[in-house]
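In: sharing a sequence plus its predicted fold:
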Amino acid sequence: MNLNSTEMLSQNIKRPVGPVFKFGGTSMGSVERIEHVAEICLRLKPSAIVVSAMAGETNRLIELANKITTKIDVPEYDMLVASGEQVAVSLLSLALRKRGIVPAPMLASKAGVLTDAQFSKASILKVNGGSIHAAITSGKMPVIAGFQGVTEDGQLTSLGRGGSDTSAVAIAAGIGAKECVIYTDVNGVYSTDPRICPEAHIIRKINYEEMLEMASQGSKVLHIRSVQLAAKWGIKLVVKNTFSQDEGTEMVLSESSLEGEIVSGVAASQNESWITAGPSRDPQFNLANVFTTLAEKKINVDIINQIVCEKGNKFHFTVAQADCSASTEVLKNEFKNLELNVNNDVAKISIVGVGMRTHAGVAARMFRCLAENNIEVLLVTTSEIKIGCLIYRGCINKAVQILHKEFVSLSL
């Protein structure tokens, strides 16, 4: 996403607008749930609504495409997988009209969501919010398809997984809204996955930096691109449960630990592939060329480790499992006769907290805790407020529980 673009904000902003609501696939999962969403909108009156496809619909469409081809970076693929949002927009609009609210249903082209032409993984360039503002001004409630955009020449694009969250925040920025509420099926952002660790608790307020790290390390409540956008444009981002009255979690701009804790949460991802490339003496097989090649295909690489030995350069790195095949294919094409090994039996465990900036010995404590429980650390990645370890997948639940107990539960 072009996060540095000064064009993201609409030039048509004329007056402040209220919050943008986004409802995910589970919230839109049936006609009964859509009726419930309409009741929420009737009561709280958001300025605009962004919706995902009904739960399971996008996966169904992807499966249909996969029966024909695995090629996804083409216009027709995006036209297919983004069609579920049109159904959701139409059904919610009908439910709102039944309640006396005049809807303004919009697909990406009408809403002015302009993207690049990277099909299946498009990035939003800007939002021309004129049509949305016009609908709001005329007393209508815009209902906008998430997950999709349109290129300058009018081709439909999809934003990839988590794209509806990103759509909602981008639209909020584009129309000048100061708040975006993400409605989902959980009560907020948890200190870790409550399905793995029953002691997990809701984090009522979380720093944007911490949320960025947790999203990038496996927390599935929010997509990282939506958090990046909210932080950049100063949008208050709130996560709430569609089906409860819980107050949820609020993102805040504070740069300090809110309650004095060192670690705010433990994130886990089992959707990891560990790729080993090399060794190779090819002079072109170096850090810059290898990871530029992957970046050009919009493949995000997380943990990176380089080994220089007598046989040449050797790289260990991790990618999302969904990007594994594309990663190995592009490297084989770029570097002939390259030895590649893939291990999908791995997972990533991370601890996150702005308190790490002012506390020494956190990494040693984490490594010791894992070692004492016979959990082998394969690779490590760090930032100022995060320590992440690649471990074997079979150990992930145990790792989450012991690290949450060591760093989070003891601080409560």
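Out: Cool, the structure landed.

In: check which residues of stretch 226-245 are buried.
Out: 226-233, 235-243 (16 or more other CB atoms under 10 Å). The way it works is simple: take the backbone N, C-alpha and C, and place the C-beta from them, glycine included.

In: in helices, which of the residues you listed fall?
Out: In this view, these that belong to helices under DSSP state H are 226-233.

In: any chance of these in a markdown table, plus pLDDT and distance to Ala215?
Out: A markdown table is the format used below for these (pLDDT from 0 to 100; distance: CB to CB, whole Å):
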| residue | pLDDT | distance to Ala215 |
| --- | --- | --- |
| Ser226 | 91 | 8 |
| Val227 | 90 | 6 |
| Gln228 | 89 | 9 |
| Leu229 | 90 | 12 |
| Ala230 | 91 | 11 |
| Ala231 | 89 | 11 |
| Lys232 | 90 | 15 |
| Trp233 | 90 | 17 |
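
In: can you give me the buried ones in stretch 281-288?
Out: Neighbour-count burial for stretch 281-288 [16+ other CB under 10 Å]: Phe285.

In: wait, stretch 54-66
Out: Per 16+ other CB under 10 Å, stretch 54-66 contains these buried residues: 54-55, 57-58, 61, 65.

In: can you check stretch 288-301 too?
Out: By neighbour count with 16+ other CB under 10 Å, stretch 288-301 contains the buried residues 290, 293-294, 298-299, 301.

In: what helices or strands is the lowest-mean-pLDDT helix or strand in the chain leaning on?
Out: For the chain, using mean pLDDT, DSSP states H and E, the weakest element among its helices and strands is helix 208-216, scoring a mean of 84. Secondary-structure packing of helix 208-216 (3 or more CB pairs under 8 Å, 6 or more residues apart in numbering; DSSP states H and E): helix 224-233, strand 249-252, strand 265-269, strand 346-352.

In: that one vs helix 224-233, what angle?
Out: 170 degrees (axes from the mean of the first three to the mean of the last three CA atoms, to 10 degrees).

In: convert the C-alpha atoms of helix 208-216 to CSV, please.
Out: Coordinates of each C-alpha in helix 208-216 appear next as CSV, following Å, rounded to 0.1, in the frame of the first residue of the first chain:
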residue,chain,number,x,y,z
TYR,A,208,-0.7,1.2,17.5
GLU,A,209,2.9,-0.1,17.4
GLU,A,210,2.0,-3.1,19.5
MET,A,211,-1.0,-3.8,17.4
LEU,A,212,1.1,-3.6,14.2
GLU,A,213,3.5,-6.2,15.6
MET,A,214,0.8,-8.5,16.9
ALA,A,215,-1.0,-8.4,13.5
SER,A,216,2.3,-9.1,11.7
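
In: what count of nearby residues applies to Asp185?
Out: Neighbour count of Asp185, defined by other CB atoms under 10 Å: 16.

In: ok, and the closest non-adjacent residue to it?
Out: Thr26 (4.1 Å; CB to CB, 6 or more residues apart in numbering).

In: that's a helix at that neighbour, yeah?
Out: No. Assignment of Thr26 by DSSP: H, G, I helix; E, B strand; the rest coil gives coil, placing it outside any helix.
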